[in-house]
Structure formats: C-alpha cells, structure tokens
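J.: make a model of this:
(2 chains)
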2 protein chains.
Amino acid sequence: MIIINGQIQDSIDVTERAVQYGDGCFTTMTFFQGQLQMWPQHLARLQHNCQRLAINFSQWQALQDSALSLIANAEHKSGVIKIIISRGKGGRGYSPLNVTAPSYILSCHELPSHYMSWQKRGISLGLSPVKLAMQPLLAGLKHLNRLEQVLVKQALDLTEFDDVLVCDTSDNIIEASAANVFWLHKGQWFTPSLESSGVEGVMRNKVCQLLSTLSQPVTETKQKFTVDFAAEEMFICNALMTIVPVTTLNVPTFNQQWAFSKAKVAQLQSELNTFIQTPAL
Amino acid sequence: MIIINGQIQDSIDVTERAVQYGDGCFTTMTFFQGQLQMWPQHLARLQHNCQRLAINFSQWQALQDSALSLIANAEHKSGVIKIIISRGKGGRGYSPLNVTAPSYILSCHELPSHYMSWQKRGISLGLSPVKLAMQPLLAGLKHLNRLEQVLVKQALDLTEFDDVLVCDTSDNIIEASAANVFWLHKGQWFTPSLESSGVEGVMRNKVCQLLSTLSQPVTETKQKFTVDFAAEEMFICNALMTIVPVTTLNVPTFNQQWAFSKAKVAQLQSELNTFIQTPAL
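T.: All right, here's what the predicted structure looks like:
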C-alpha cells in the first residue's frame, strides 16, 4: 500500500519536483509488532533535511497518521516504512519560486531478508571504484539525488562482495553502499566525518549515543583509506540492518586483505537491542 | 499535455526510479512552426546519457512519435518540449537489478518569455555562492540529480542579477545556473572543461561547431575564477535561450565589476541563426 498526501494511491503528478529534479528528501524505518522504531529520530531527520533544503513542509501530524495507517493495514506485523517528501509541483525551472505545497509519499515494504543473516555471520567488504563527490551543502542529508549510490550498487553487483567501503574523491572513508561505517583501532571507535559527503544515518547517531553512554565515545575523523589502514574490528549500520559486523575487507588493487574480529561488535549488537527503546506510537 | 510511455496522462507510478532516486536523464528543446529544433542532437544526447548511466532504453521511435504528437496538439506553433527518461520501476534499493523497462515522459511548455529580451539587451551576472561538486562519473550529463541547480537558483532568486556564474568547489568556472558559458580573451574563445562538473549542452556543442566553422576554434579550459579574470566579451547559451550576451559581471566579495562588449557576440548570434538548420521532422 502507498499513501500520497493522505490518500491511498500509487501514482504522483509528474510535475512534482521529486520527479523533475530529485528535489526532496526521504527516510526509511522499521516497524515491529505494530510500532514504528525510532520515530522521533526519523521525524527529526526529515524536519532537519527539509530545513536545510528550505522545503516548507508542515503536515507532520498527517504524515505520522499516514504512517500509523500503513502499519495498521500491513500484511505483516513488522516491516519497513519509507517516507519521501517532495518540494511540491512546478516552480520556474530549477527555481522553487511559486512551487505548490510539498507532497509526502509513504510506502510499506518487507525487511530485506538477508539482513538477519548478515547480523549473525558478518559480511565481506570490497572497495568501491565509485567515489563520492564532496559537496558540503548536501553532505549528511538523505536527499533524493542518489545517482552516486546507484552507480556504487551497479559496480557492487558485479562483484562477490556483500557490500563495499565507499570513499570520497579525496580517498577519505565515508560509508558503505547504504550504511554508515565504524571501526575500532587500539581501543578507540572511529566513524567518518560527514562534512563533505555521506548520509548522517539515524542509526549512526543512535550508535554514537550508545557508545557515549558506555564511556567509549566515538571520534569523527577524516581518514584516508590507504594500504596502511589499521583496525581490529569494523561494522556498518543503518536503521534497517541495525549493526552488521564486517569480517573481511578485500582490496585487490592494494593486493591486501584485512580480517576483523567481531567480539566487541557482538557486544555492541546486544547492547543496542536494549538501548533502542522508543516510546510506543 | 503530458505523454508518459506513449499515453496521455499526467501522473507516474511512484516506484519509478526518477521519483525514488532521481535515477534518469532529460533534455529540453524548442519547437518552431511545428518542427523540433536540433532533434538529432537531442536524441544523441539522450542516447549518450542513457549509455553512460547504463539505462537500457530502446523506445526511440515511440519517443519521437510522442514528441511529434505533442507538437501537433500544442496550443501554439512554437514552444518547448521536455523529455525525461526514468530507469524504470523497482530494483532492490539503490541497485537497478530487476528493474522494469525504462519510462519516458514528454511535456510541452511555453518558451520562457524573458529569453528574447535577454538575447537583445544582454544580462548581468553575479557569482554564485553555491559551488558545484566535482564528480567525473556524472559530469557532462543532464541527469535528474539537480539539487545543486535548485540551490544555485534559490540563492540567485535573492539577488538582483539576471543569472550567476557558477564555479566548482575548486573555483574553476563551470557554467551559469542553467546554461553553458563562453568568453573571449585576446581574440580567443574559451569555454570550461566539463570533465568534473557541469552539463554538456546541446547548444554549447553547436556553438563550438559554429566557431570552428568560422575558423575561431574554442579552447576548453580549466579556468579558476579570481579577481584577475580577464575577458572582453562573454555569453551564455542553452537550447532554449540560444546565445545571450553577458554585459556585466559583478562580484561584491572581490569588490570588482567586469563590463563586456557584445560586438562579437552579436555577430555570433546572427551567424547561429543561419547555422541551425535541422532537417525537418
């Protein structure tokens, strides 16, 4: 089922700026036993993204009602809700002058079936040949301009790896194909700075909070990925997969392979399950 | 009137990847006295863009038939046709695996009314505070990820300038908000290299051909925009505005203003009118 602006329907006016320019933002969350997971954080993300892009969305209550309606009508008691906000219809070319009110689109999906086995067995990473552009004005946002991620996945689909480490055009480590990345080195957790590229994930921020609570604060870093990269453990995370251990990182062009323990990551997985206790909606 | 996949309709399935990820490309052309202008070039651009993005579009004849049908049913004998190609519906997240056949969307618009006066009087440029990211994998393409252009126009709308000069994040001159840029210095025409950013316009390439025919070949250059920038004439161009002279370039942050002659640009405008003689469709 798909809900657009409060109505059950599956098509959208082509003059919507999401269609014309990718002019909007989105977020993707799980629901479990009829409840949205980390809804306040996803709502805050959408609000922050709209504010950064100067999208004047105001239908927050209607959007939440639509999300609850989707869950109530869902086939299963758990799954995924994706919410897109488009800037609206029209405007004068790229200019958003005279655009109509923004639109919201909610859709319900199944949780990707491989995430549970990933959480248990851990995954293999390659290094993405596709590098991310550095654009501070859009960095951190989960906006609708996602061609770079499409290119990353196209390249990944040609390999045997589960996922890839993606760097920016200056070779700084940024993220995985659709998840944030953390690594442990000499007892210190690191995650990439997202000032120039990458998406600031809701789960990334939750994990940072958790590690802070555990007195293991995370250092945000600009870390070039070179043959000298060193880490004892690594994981990737997003709102759907939660925490997934990385067991190997293979970079044939460096003629190098890293193998990671998942002892500390496994502890973190178990801590996270109790840490995510969202007020019921 | 809007035609989607050969049918008159104005809404599109929200699972189309144009909506979800800006995963597609587009082109915009004029029609005049019932004929598409520079159709072979626009077709070649769409084909090249699809090939670069690995979009398997094959309905080229149907697309052309739809364009002619739009023109035949248009209110006026001249105007603008915009064509969008979306990669298709579905896929697994960002991955285009298992996506349906691509879709095409054609819409008919009026020619922006200010372009004719711009051609005659020339325009004032400011310098855009929004800089373009450098992404060689997408550079040159007219793809649907156009949030940077939206940000450029948002900033431009707050000024009194007609348009802006837009640089990349390394301060190389790239384009105007929705047009390519050329300048004349010491008898030599220059236009920015589009290896890292910018859109390779159909009109840009036509103008390069024209200047080559006139034994004034254009030099593609990586030119940083600094206070020492020097040019005697400047123009911007796209398929809708053709050639528009730039008369002034104001950069308050440099405390500097450039004034340009339009003698050579005016000659070029007149040469271009005879040079654009497309086989009738």
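J.: go through the top helix by length along chain A and flag the buried ones.
T.: Looking across chain A with DSSP state H, the single longest helix is helix A:39-53. Neighbour-count burial for helix A:39-53 flags A:39, A:41-43, A:45-46, A:49-50, A:52-53 (criterion: 16 or more other CB atoms under 10 Å in any protein chain shown). No exception for glycine: its C-beta is placed from N, CA and C like everyone else's.
J.: go ahead and name everything in contact with that helix.
T.: A:23-25, A:27, A:29, A:36, A:55-57, A:60, A:63-64, A:67, A:83, A:85, A:87, A:102, A:141-143, A:200, A:202, A:205-206, A:239, A:278-279, A:281, B:147, B:150 (CB atoms under 8 Å, 6 or more residues apart in numbering or on different chains).
J.: tell me the mean pLDDT for that helix?
T.: Mean pLDDT, computed over helix A:39-53, is 98.
J.: please apply the same query to stretch A:81-92.
T.: Mean predicted confidence for stretch A:81-92 is 96.
J.: neighbours around the residue of the stretch 1-150 of chain A found nearest chain B, how many?
T.: Taking CB to the nearest CB, chain B has its nearest neighbour within the stretch 1-150 of chain A at residue A:22, 2.6 Å off. Neighbourhood size, residue A:22 [other CB atoms under 10 Å in any protein chain shown]: 27.
J.: run me through the strand neighbours of the least confident helix or strand in chain A by mean pLDDT, direction for each.
T.: Least confident helix or strand of chain A, by mean pLDDT, DSSP states H and E, is strand A:90-92 with a mean of 90. Strand pairing for strand A:90-92, using DSSP bridges, gives strand A:95-99 (antiparallel).
J.: and the angle from the strand it pairs with to helix A:39-53?
T.: 110 degrees (axes from the mean of the first three to the mean of the last three CA atoms, to 10 degrees).
J.: alpha carbons of the next helix or strand after strand A:95-99, as CSV, please.
T.: Using DSSP states H and E, the helix or strand that directly follows strand A:95-99 along the chain is strand A:103-109. Listed next in CSV are the C-alpha coordinates belonging to strand A:103-109 (Å, rounded to 0.1, in the frame of the first residue of the first chain):
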residue,chain,number,x,y,z
SER,A,103,3.9,16.3,-1.0
TYR,A,104,4.6,13.3,1.1
ILE,A,105,4.7,9.7,0.0
LEU,A,106,4.6,6.7,2.3
SER,A,107,5.2,3.1,1.2
CYS,A,108,5.4,-0.2,3.1
HIS,A,109,8.0,-2.9,2.3
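J.: and the helix or strand just after strand A:103-109, what's buried?
T.: Using DSSP H and E, the helix or strand that follows strand A:103-109 towards the C-terminus is helix A:115-121. For helix A:115-121, a neighbour-count test (16+ other CB under 10 Å) marks A:118-119 as buried.
J.: look at residue A:209 and give its secondary structure.
T.: With DSSP: H, G, I helix; E, B strand; the rest coil as the basis, residue A:209 sits in helix.
J.: in a helix, that's where residue A:266 is, yeah?
T.: Yes: the assignment for residue A:266 by three-state DSSP puts it in a helix.
J.: so it sits against residue A:243, correct?
T.: No: using CB atoms under 8 Å, residue A:266 makes no contact with residue A:243, being 9.1 Å away.
J.: so what sits opposite residue A:175 in the bridge?
T.: Per DSSP bridges, the residues bridged to residue A:175 are residue A:166.
J.: so what's it up against?
T.: The contact partners of residue A:175, taken as CB under 8 Å, 6+ apart, are A:166, A:181, A:192, A:198-199, A:236.
J.: change it to 10 Å
T.: Each residue near residue A:175 by CB atoms under 10 Å, 6 or more residues apart in numbering or on different chains is listed here: A:128, A:132, A:149, A:152, A:163-168, A:181, A:191-192, A:194, A:197-201, A:204, A:236, A:238.
J.: mark out where each domain of chain A begins and ends.
T.: Listed by automatic domain parsing, the domain ranges of chain A are A:2-109, A:115-275.
J.: now those domains in a markdown table, with distance to residue B:11?
T.: Converted to a markdown table, those look like this (distance: least, CB to CB, whole Å):
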| stretch | distance to residue B:11 |
| --- | --- |
| domain A:2-109 | 4 |
| domain A:115-275 | 18 |
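J.: any low-confidence regions in the stretch 51-200 of chain A?
T.: For the stretch 51-200 of chain A, no stretch is flagged by pLDDT under 70.
J.: what sits up against stretch A:69-80?
T.: A:1-3, A:6, A:8, A:28-37, A:81-83, A:106-112, A:239-240, A:281.
J.: in strands, which of those fall?
T.: Within those, residues falling in strands by DSSP state E are A:2-3, A:8, A:28-32, A:35-36, A:81-83, A:106-109.
J.: go back to these and keep what's next to chain B.
T.: With CB under 10 Å from any CB of the partner chain as the criterion, the ones in strands among the contacts of stretch A:69-80 include A:2, A:28, A:82, A:106-107, A:109 near chain B.
J.: quickly check the residues you listed for the two that are furthest apart.
T.: A:2 and A:28 (14.2 Å; CB to CB).
J.: if you count neighbours, what's buried in stretch A:191-207?
T.: If you call a residue buried by 16+ other CB under 10 Å, then stretch A:191-207 has these buried ones: A:191-194, A:196-204, A:206-207.
J.: what about it, near chain B?
T.: Yes: judged by CB under 10 Å from any CB, stretch A:191-207 and chain B are in contact via A:196-197.
J.: how long is that stretch from one end to the other?
T.: One end of stretch A:191-207 to the other measures 10 Å (CA to CA, to the nearest Å).
J.: ditto for stretch A:247-259
T.: Using CA to CA, the end-to-end distance of stretch A:247-259 comes out at 6 Å.
J.: what is the mean pLDDT for it?
T.: Throughout stretch A:247-259, pLDDT has a mean value of 96.
J.: show me what contacts the closest residue to residue A:169 other than its chain neighbours?
T.: Closest residue to residue A:169 apart from its sequence neighbours, by CB to CB, 6 or more residues apart in numbering or on different chains: residue A:131 at 4.7 Å. Residue A:131 sits next to A:148, A:151-152, A:166-172, A:174, A:197, B:135-137 when contact means CB under 10 Å, 6+ apart.
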